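Q: Fold the following for me, if possible:
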Amino acid sequence: MEEISVGIIGSTLERHCIYLQKELEHQGAQVVILDNTPDHPYPLTFCKGDSHYEDLDLSNTKVYFLRALFLPTPAFDASTIEVQMKADGYLAYAAERERYAAWLSWLKSAPFHGRVIVNPVDTLLIHFAKPYHLECLRAAGVPVPETLVTSDPEKVLAFSQDRDIVYKPVAGGAMCRLLKEEDKQPERLESLWTAPVQFQLKGRIYGFSC
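A: Numbers count the residues shown, from 1 in each chain. I've put the predicted structure just below:
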């Protein structure tokens, strides 16, 4: 079996993982993507320093890039969520929690077994905390835009009154959009109940659009 030199931890379908794999292979590395998505059969086995991904021996793979560690959050159909949670929701959550705990433990144990994790898990876990990053910048004296994180339509309307506001995901990773009048309509604001959104005062700081 051919040995590999670099492991990318994430999803075989995610474009960043695919791009990184191709770039590393172009530079002569032997690369495999270690898929930890919830819909992928659990593939990781480890005992002390020995690790296998499916039937692939990872003993000679010492460098890994952590792109994503998927959280234990199985999806449910909103129309039947109460029934699903009562029937098998907790079992699904418990299974994902076990998967997450296994991957997390393996990643955190990497230094004990001579493995190097680029983008270590402790760093990855705060990548998505964008409002926290803003507070760190604010505390350091860096000007940051006024920011509201909420799922409350009334607070959005009050925050945006007579001001230009943009909105974006709390975790980042998607397009920033200008809040328009059609976004303030009741049927549009109702969608906020599923998850919070980050709203920011539009402006320019140090030459960058915010």
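Q: same for the helix of greatest length in the chain, what does it pack against?
A: Secondary structure of the chain per DSSP state H: the longest helix is helix 90-108. Helices and strands in packing contact with helix 90-108 are listed as strand 44-47, helix 121-124; criterion 3 or more Cβ pairs under 8 Å, 6 or more residues apart in numbering; DSSP states H and E. C-betas here are computed from N, CA, C, even on glycine.
Q: buried residues in that helix?
A: 92, 96, 99, 100, 103, 106, 107 (16 or more other Cβ atoms under 10 Å).
Q: need these in CSV with pLDDT and distance to residue 143, can you?
A: What follows is the buried residues of helix 90-108, written out as CSV (pLDDT from 0 to 100; distance: Cβ to Cβ, whole Å):
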residue, pLDDT, distance to residue 143
92, 74, 44
96, 85, 40
99, 92, 42
100, 92, 37
103, 96, 38
106, 97, 41
107, 96, 36
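Q: how about these in JSON lines, adding distance to residue 45?
A: Rendered in JSON lines, the data for the buried residues of helix 90-108 read as follows (distance: Cβ to Cβ, whole Å):
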{"residue": "92", "distance to residue 45": "22"}
{"residue": "96", "distance to residue 45": "18"}
{"residue": "99", "distance to residue 45": "13"}
{"residue": "100", "distance to residue 45": "16"}
{"residue": "103", "distance to residue 45": "12"}
{"residue": "106", "distance to residue 45": "10"}
{"residue": "107", "distance to residue 45": "15"}
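Q: Residue ranges in the protein under the pLDDT threshold?
A: Low-confidence segments of the chain, defined by pLDDT under 70, span residues 1-4, 73-89, 204-210.
Q: and with 50 instead?
A: Judged against pLDDT under 50, the low-scoring parts of the chain cover residues 1, 205-210.
Q: The residue of it positioned farthest from its centre: what secondary structure?
A: Here the chain reaches farthest from its C-alpha mean at residue 162, the gap being 33.5 Å by Cα atoms, centre = their mean. Reducing the assignment at residue 162 to three states with DSSP: H, G, I helix; E, B strand; the rest coil gives coil.
Q: Which elements pack onto the helix or strand where residue 132 lies?
A: Counting by DSSP states H and E, the secondary-structure element that holds residue 132 is helix 130-139. Helices and strands touching helix 130-139, as assessed by 3+ Cβ pairs under 8 Å, 6+ apart, comprise strand 147-150.
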